[in-house]
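Visitor: quick check, what structure comes out for this input:
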Amino acid sequence: MAETVEFELVSPAELLLSEKVEMVVVPGGEGDFGVLPGHTDMISTVRAGQIDIHDGGKVTKSIFVEGGFAEVTSERCTVLAVSATPVADLDANAAAQRLEAATEAYKAAEGSDDEPKAKGELDIAEAMVVATKSN
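Guide: Here you go, the predicted structure:
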């Protein structure tokens, strides 16, 4: 059996997933990063995007997260996510509508104090649309 790393996905309210995996790929704030057994310790922000869980040399689960933080050690990767949804459960039409609404809200907020929040929602909506196309 291949070496494994413990992967935990946590929301503010509960532990969503805890399992041993061969590798997990996380959408980090500075770019995607893969975690294998023996990984160097690190802490990273997590941007909106898709977490891919690998076993048997292939992706076995994909989960969309809206952002958060990740802590990595040589034995474990823990992601504290704002929210998490299996990619298979995402609705492409709902994601497209969310993107349209977020785009309009961002345009309306440009130059105001609400611009950073609107930009964050736009980034999440764009990442969600991308995730629905990968499924």
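
Visitor: who are the contact partners of the spatially most central residue of the chain?
Guide: In the chain, the C-alpha nearest the mean C-alpha coordinate belongs to Val65, at 3.4 Å (CA atoms, centre = their mean). Residues in contact with Val65, defined by CB atoms under 8 Å, 6 or more residues apart in numbering, are Leu9, Pro27, Val46, Ala48, Gly49, Gln50, Ile51, Val79, Ala81, Val82, Ser83, Ala84. For the C-beta atoms, the positions are set from N, CA and C on the backbone; glycine is no exception.

Visitor: which outside residues touch the longest helix seen in the chain?
Guide: Using DSSP state H to define each element, the chain has its longest helix at helix 115-134. The contact list for helix 115-134, computed with CB under 8 Å, 6+ apart, reads 27, 47-50, 62, 64, 66-67, 87, 90-92, 95-96, 98-99, 101-103, 105-106, 108-109.

Visitor: helices of the protein, residue ranges please.
Guide: Listed in chain order, the helices of the chain (DSSP H) span 92-109, 115-134.

Visitor: okay, the angle between the shortest one and helix 115-134?
Guide: Taking axes from the mean of the first three to the mean of the last three CA atoms, to 10 degrees, one finds that helix 92-109 is oriented at 160 degrees with respect to helix 115-134.

Visitor: now do the buried residues in helix 92-109.
Guide: Ala95, Arg98, Leu99, Ala102, Ala105, Tyr106, Ala109 (16 or more other CB atoms under 10 Å).

Visitor: same thing with stretch 53-67?
Guide: Neighbour-count burial for stretch 53-67 flags Ile53, His54, Asp55, Lys61, Ser62, Ile63, Phe64, Val65, Glu66, Gly67 (criterion: 16+ other CB under 10 Å).

Visitor: export it to PDB, keeping only CA atoms.
Guide: Extracted C-alpha coordinates of stretch 53-67, given in PDB (Å, rounded to 0.1, in the frame of the first residue of the first chain):
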ATOM      1  CA  ILE A  53      -8.200  14.100  -3.500                       C
ATOM      2  CA  HIS A  54      -6.000  11.500  -5.100                       C
ATOM      3  CA  ASP A  55      -5.900   7.800  -4.500                       C
ATOM      4  CA  GLY A  56      -4.700   5.000  -6.700                       C
ATOM      5  CA  GLY A  57      -3.100   7.500  -9.000                       C
ATOM      6  CA  LYS A  58      -6.300   9.300  -9.900                       C
ATOM      7  CA  VAL A  59      -8.600  12.000  -8.500                       C
ATOM      8  CA  THR A  60     -11.300  10.200  -6.400                       C
ATOM      9  CA  LYS A  61     -13.000  13.300  -4.900                       C
ATOM     10  CA  SER A  62     -13.300  16.900  -5.800                       C
ATOM     11  CA  ILE A  63     -14.600  19.500  -3.400                       C
ATOM     12  CA  PHE A  64     -15.300  23.200  -4.100                       C
ATOM     13  CA  VAL A  65     -14.300  25.500  -1.300                       C
ATOM     14  CA  GLU A  66     -15.000  29.200  -1.000                       C
ATOM     15  CA  GLY A  67     -11.600  30.000   0.700                       C
END
